[in-house]
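Q: model the structure of this input:
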Amino acid sequence: MANPEQVNQTVLMEFILLGFGNLPELQTLLFLLFLAIYIATVAGNVLIFVLVVADQHLHTPIYFFLGNMSCLETCCSSNVLPRVLAGLLTLDRTISFSGCLTQYYFFGSLVATECLLLSVMSYDRYLAICNPLHYAARMSGRACIQLAGGSWIGGFLCIGILTLLISSLTFCGPNIIDHFFCNFIPLVKLSCNDPHLMETLAFILLLLFSLVPFLFILMSYIFIITTILRIPSTTGRQKAFSTCSSHLIVVSIYYATLLIVYMFPTTYILSDFKKVLSVSFAILTPLFNALINSLIKRSRRP
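A: Numbering: from 1, shown residues only. Predicted structure coming up:
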């Protein structure tokens, strides 16, 4: 007879993403809706990226970072939506353990990278408006590459640590993830290990890679708005504000959903609400960002 402890410690090899399984009558409608969103998101972000690369007039720091954002949003959508579409089309919601970890790694890394890139873009706007005489020197081509590269490397290293720790956990209980993609909180909750250490470490990294950049962005815009209000002419104030309005809208939408989904405690009442916000965060935000970023006016060197 098998040892009960050995039975209880059977390692799970796959998970079931519950997704939108509780809405069977809407599967076809959701598939068509998400397919349209995916096509529009990829097309919009790829178009922005191609324009930034091809047009010599757009070879400025703000558009360099915007091209990075477009690339990032395309990768983020491509990491989540194809799996969601496949599940809606085939009704097969299983995903392997390694596939689940891979999806979480790339999604989490891209989210962390975006937080850092948004803070870098706010720094660019701060220099352009508040310190124009030093803008060209501080935002040289080399500095832009270092700032963007540091954002990508930092984001992927941060989530790489969490992914390695998750891979060391033991999953021996239920294998149903009440989500439409593999994310940190649903994964850790299925672990047989004590989740407190993992949750504490994740909270610390979340503070470093989301809250700290958010506070940096907030401080940057306090200085930016203060400087804009000191401009004597109405036309000058409108022109200065137009250079950062699109970025401010993107930051507001992005962090509003991010902080609610990851910073607020998950309760029974908030679980479904967070799931809806996760759809907005992972699926709709890349599309909104592409639409909003396309409205950014050509940046002019001070």
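
Q: how much space between the spatially closest residue to residue 169 that is not a sequence neighbour and residue 15?
A: In this structure, residue 169 finds its nearest non-sequential neighbour in residue 191, 4.2 Å apart by Cβ to Cβ, 6 or more residues apart in numbering. In short, each C-beta sits where N, CA and C put it, glycine included. Going from residue 191 to residue 15 by Cβ to Cβ, to the nearest Å gives 12 Å.

Q: quick check: which ranges of the stretch 201-302 of the chain have low pLDDT?
A: 263-274, 294-302 (pLDDT under 70).

Q: tell me which of residue 191 and residue 15 has more neighbours.
A: Taking other Cβ atoms under 10 Å, residue 191 and residue 15 do not tie; residue 15 has more neighbours (23 against 17).

Q: tell me which element the more buried one falls in.
A: Taking DSSP states H and E as the criterion, residue 15 maps to strand 14-17.

Q: try residue 95
A: Residue 95 belongs to strand 94-96 when assigned by DSSP H and E.

Q: okay, buried residues for that strand please.
A: Neighbour-count burial for strand 94-96 flags residue 95 (criterion: 16 or more other Cβ atoms under 10 Å).

Q: C-terminal to it, what's the next element?
A: helix 97-130.

Q: what ranges do the helices span in this protein?
A: All helices of the chain, identified by DSSP state H, fall at 4-8, 27-54, 61-90, 97-130, 135-138, 141-167, 184-189, 196-206, 212-229, 234-242, 245-263, 268-279, 285-293.

Q: and those as TSV, adding distance to residue 175 and mean neighbour count?
A: Shown next, in TSV, are these (distance: least, Cβ to Cβ, whole Å; neighbours: other Cβ atoms under 10 Å):
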stretch	distance to residue 175	mean neighbour count
helix 4-8	14	9
helix 27-54	22	16
helix 61-90	15	21
helix 97-130	9	22
helix 135-138	51	13
helix 141-167	15	16
helix 184-189	11	19
helix 196-206	18	14
helix 212-229	34	16
helix 234-242	51	13
helix 245-263	23	18
helix 268-279	18	14
helix 285-293	29	21
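
Q: output stretch 183-200 as PDB, nothing but the C-alphas.
A: The C-alpha trace of stretch 183-200 is given here as PDB (Å, rounded to 0.1, in the frame of the first residue of the first chain):
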ATOM      1  CA  ASN A 183       0.000  34.900 -12.100                       C
ATOM      2  CA  PHE A 184       1.900  35.000  -8.800                       C
ATOM      3  CA  ILE A 185      -1.000  35.100  -6.300                       C
ATOM      4  CA  PRO A 186      -3.100  32.200  -7.800                       C
ATOM      5  CA  LEU A 187       0.100  30.100  -8.200                       C
ATOM      6  CA  VAL A 188       1.400  30.600  -4.600                       C
ATOM      7  CA  LYS A 189      -2.100  29.800  -3.200                       C
ATOM      8  CA  LEU A 190      -2.000  26.400  -4.800                       C
ATOM      9  CA  SER A 191       1.400  25.600  -3.200                       C
ATOM     10  CA  CYS A 192       1.600  23.200  -0.300                       C
ATOM     11  CA  ASN A 193       4.300  25.300   1.300                       C
ATOM     12  CA  ASP A 194       3.900  28.100   3.700                       C
ATOM     13  CA  PRO A 195       3.100  31.100   1.500                       C
ATOM     14  CA  HIS A 196       4.100  33.900   3.900                       C
ATOM     15  CA  LEU A 197       7.800  34.000   3.000                       C
ATOM     16  CA  MET A 198       7.000  34.100  -0.700                       C
ATOM     17  CA  GLU A 199       4.300  36.700  -0.200                       C
ATOM     18  CA  THR A 200       6.600  38.900   1.900                       C
END
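
Q: mind checking which of the helices of the chain is nearest residue 173?
A: helix 4-8 (8.5 Å; Cβ to Cβ).

Q: state the mean pLDDT of that closest one.
A: Mean pLDDT, helix 4-8: 43.

Q: stretch 16-34 too?
A: 80.

Q: and that stretch, how far out from the chain's middle?
A: Relative to its parent chain, stretch 16-34 has a centroid offset of 23 Å by Cα atoms, centre = their mean, to the nearest Å.

Q: what's in contact with that stretch?
A: Stretch 16-34 is contacted by residues 81, 83-85, 87-89, 91, 93-95, 175-182, 283 when judged by Cβ atoms under 8 Å, 6 or more residues apart in numbering.

Q: over to stretch 222-229?
A: Outside stretch 222-229, the residues touching it (Cβ under 8 Å, 6+ apart) are 125, 126, 129, 130, 237, 240, 241, 244.

Q: how about 10 Å then?
A: 122, 125-126, 128-132, 221, 236-241, 243-244, 248 (Cβ atoms under 10 Å, 6 or more residues apart in numbering).

Q: re the thing from before, hang on, the residue nearest to residue 169 packs against residue 198?
A: Yes: Residue 191 is within contact range of residue 198, at 7.6 Å (criterion: Cβ atoms under 10 Å).

Q: kind regards, and thank you for your time.
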